[in-house]
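Colleague: The following block contains a protein sequence and its predicted model.
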Amino acid sequence: MRRRVILLGPPGSGKGTIAARLKTEFGFEHFSTGHLLRQEVAKDSAVGRQVGLFLERGELVPDELVLALVESTLAKSRPEQGYLSDGFPRTLVQASAFDAWSGTRGLAIEQVIYCESSEELVLSRITGRRSCVACGHVYHATFVPPKTVGRCDECGGGLAQRADDSEALVRRRFQVYLRETEPLVAYYRAQGNLTVVDASQSLEKIMARIEVMLRQ
Ligand code: AP5
């Protein structure tokens, strides 16, 4: 099974939800740069103080800060476990820097899964999204509800709406995505390791397709 995997797609296209399912079912070593950055802000660390405003405005955090965070995260993991990245790389600079860094460590990307989604679909998904304040696990009030209202199934933590999930900020994040991140689709397609998934399908259909693809 391919175990060095990148999930690429606009905000709200389902990357975090797919990552959580792959982690539970196959033990993937998952990391989300958005979750790592929000943790730094919550801790009020030096990094958190630098990145808070970017997150509040729906803008991308500078490449050098994100690359340092990802490299230190992966340096702590066991290489044979691979990785499942949700939300990184997000710029061409991040993608080429990560190719160079991972290539020299035997950690080159094996599969990129592109979750293709329209702006209107992601808006409808994000409006109902609730995330666990403790572990980051993601739910949807209607489509993916928790077993107990307001409580995380995984850790019992409280559920909340993310500060950057207002309609205005989601629309801005989508524009940032089109400008900065969508060019990665062509970048990875040229490398021959990109698969497109229609993110408007049910989670069951999406997972079935991804599982087949990762086992090829
Ligand atoms: P980040 O946390 O990565 O947010 P994002 O990419 O905008 O993506 P989201 O987490 O909003 O959505 P998702 O695709 O994971 O969808 P989800 O599974 O939740 O980044 C936040 C910020 O951090 C950025 O704006 C930036 O400032 C900074 N940042 C992060 N990484 C960075 C980087 N590399 N470089 C620079 N800055 C960076 O699903 C959405 C909803 O839909 C949920 O409620 C879910 O339950 C539901 N759902 C999912 N799939 C389905 C389905 N198939 N059917 C029905 N409902 C579904």
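Modeller: Good, I have the coordinates.
Colleague: Tell me which residue lies nearest the centroid of the chain.
Modeller: Asp86 (2.4 Å; C-alpha atoms, centre = their mean).
Colleague: Now do the same contact list for that residue.
Modeller: Shown in contact with Asp86 (C-beta atoms under 8 Å, 6 or more residues apart in numbering): Leu7, Lys15, Gly16, Ile18, Ala19, His30, Phe31, Ser32, Thr33, Gly34. Heads up, the C-betas are built off the backbone N, CA and C, glycines and all.
Colleague: Run a quick neighbour tally on the last one.
Modeller: Okay, so that is Gly34. 20 (other C-beta atoms under 10 Å).
Colleague: Return the distance of it relative to Asp198.
Modeller: From Gly34 across to Asp198, the span is 23 Å (C-beta to C-beta, to the nearest Å).
Colleague: tell me how far the ends of stretch 55-71 are from each other?
Modeller: Terminal residues of stretch 55-71 are spaced 20 Å apart (C-alpha to C-alpha, to the nearest Å).
Colleague: Give the rounded mean pLDDT of that stretch.
Modeller: When pLDDT is averaged over stretch 55-71, the result is 96.
Colleague: So what's the gap between that stretch and the chain middle?
Modeller: 13 Å (C-alpha atoms, centre = their mean, to the nearest Å).
Colleague: Stretch 140-147 now?
Modeller: 19 Å.
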